[in-house]
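Participant: All I have is the shape, not the residue letters:
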DNA sequence: TCAAGTCGGTTCCTTTTTCAGACTTACGAT
DNA sequence: ATCGTAAGTCTGAAAAAGGAACCGACTTGA
């Protein structure tokens, strides 16, 4: 497996992993969803080295997850804003937060609570079937080869 | 940020990232959900080095995501089976597969199709609010500090 | 019975990433 | 002139990943 061509594998998970499959990238995205937008903001809340932050932000921009938007002309300053493609990562982040809440909690309770503005309640994210609306479980799902599958590789 | 204590951060995303936040681990989990159970099975389908596979499997066992179950006494041979905690990672994997299908596809179409046995249809996973059942969007969610939050750190 | 193959690893060495922290550039304020 | 801020870049050391050979306990086939 070569990481530099992982985004071309005939497997949607590999392609996603190529983009967000490392620790810092996922933590940077968490900050994005918490409305952090600027280099110093990411750096101070994550304690990531500036070198790596710079590289990760470039990569997220290259993949179209963030847009680099100037907010000051002199001196030139930029913020990093989630694109629609980036906003669509929300279910991944929320699924991870929910798993952490469920399986990695401690005696102090949840670090964050989420309120759904539409209904006004504190909620958990639940994954359902787009067709029947039932909650999804791994054992209820059967996998078929699709048109984009080249070989026996999975995906 | 020190990776060895990431699972104790007051942030559910960090804690999840501590366990599944690297490329190989996510790909190994994909194989688990595709019913791969044995060392050689993972190794040959992923082309991961045996060294790294060994280490990652140990880590997943240590975190209670896989169980190491003997299937032969002489010689001693083991398989790796998802625990309930591991099965609960399914929404994360499916959210990543769905994002890849949506945003990283090519002209050949999807590598895999998913059929929901309960309703018999090909489906996409959708994340909804546990309280009202509506589809979740990042902008509809407001975040509050919960009891497990120590400081200004996010989670 | 002896060689070859299988499975689940371990060991060793090289290459790539990451880390920690100083340095740079461009400006505004004191 | 000096300080502070923002958004980076550069450098050398440490850690992680990659590649490939080796090992031990069996089974299989000649």
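Facilitator: Structure received. Because the structure is predicted, anything quoted here is derived from the model rather than measured. Numbers count the residues shown, from 1 in each chain, chains lettered A, B, ... in the order given.

Participant: DNA strand D versus the residue lying farthest from the centre of chain A, what's the distance?
Facilitator: No residue in chain A sits farther from the centre than residue A:74, which is 32.4 Å out by Cα atoms, centre = their mean. Residue A:74 sits 12 Å away from DNA strand D, going by Cβ to the nearest atom of the strand, to the nearest Å. Bear in mind the C-beta positions are built from the backbone N, C-alpha and C, glycine included.

Participant: so who does that residue touch?
Facilitator: By Cβ atoms under 8 Å, 6 or more residues apart in numbering or on different chains, the contact set of residue A:74 is empty.

Participant: Spell out the secondary structure type for it.
Facilitator: Three-state assignment for residue A:74 (DSSP: H, G, I helix; E, B strand; the rest coil): coil.

Participant: For chain A, just list every one of the strands.
Facilitator: Assigned by DSSP state E, the strands in chain A fall at A:66-72, A:77-82, A:112-116, A:125-129, A:141-145.

Participant: pLDDT weak spots in chain A?
Facilitator: Across chain A, the ranges flagged by pLDDT under 70 are A:150-155.

Participant: So which residues on it come close to DNA strand C?
Facilitator: Neighbours of DNA strand C within chain A, by Cβ under 7 Å from any atom of the strand: A:3-4, A:22, A:24, A:48-52, A:55, A:74-75.

Participant: Show me which pair in these is furthest apart.
Facilitator: Spatially, the most separated pair among those is A:3 and A:74, at 38.8 Å (Cβ to Cβ).

Participant: And the helices in chain A?
Facilitator: A:12-20, A:23-33, A:39-46, A:50-62, A:84-87, A:90-103 (DSSP state H).

Participant: same for the first one, what does it pack against?
Facilitator: Secondary structure elements in contact with helix A:12-20, counted by 3 or more Cβ pairs under 8 Å, 6 or more residues apart in numbering or on different chains; DSSP states H and E, are helix A:23-33, helix B:23-33, helix B:90-103.

Participant: which one of the strands of chain A is the most hemmed in?
Facilitator: Comparing the strands of chain A on average neighbours per residue, with mean count of other Cβ atoms under 10 Å in any protein chain shown, the densest one is strand A:125-129 at a mean of 21.

Participant: when you scan that strand, is anything in it near chain B?
Facilitator: Yes: using Cβ under 8 Å from any Cβ of the partner chain, strand A:125-129 comes into contact with chain B via A:125-129.

Participant: of all the helices of chain A, which lies closest to residue B:96?
Facilitator: helix A:12-20 (4.2 Å).

Participant: Give me the neighbour count for residue A:33.
Facilitator: When neighbours are defined as other Cβ atoms under 10 Å in any protein chain shown, residue A:33 has 21 of them.

Participant: Next one: residue A:5 from residue A:22, what distance?
Facilitator: Per Cβ to Cβ, to the nearest Å, residue A:5 is found 16 Å from residue A:22.

Participant: Name the residue in these two with the higher neighbour count.
Facilitator: residue A:22 (20 against 10).

Participant: just checking, that one touches residue B:22?
Facilitator: Yes: under the criterion of Cβ atoms under 8 Å, residue A:22 makes contact with residue B:22 at 6.5 Å.
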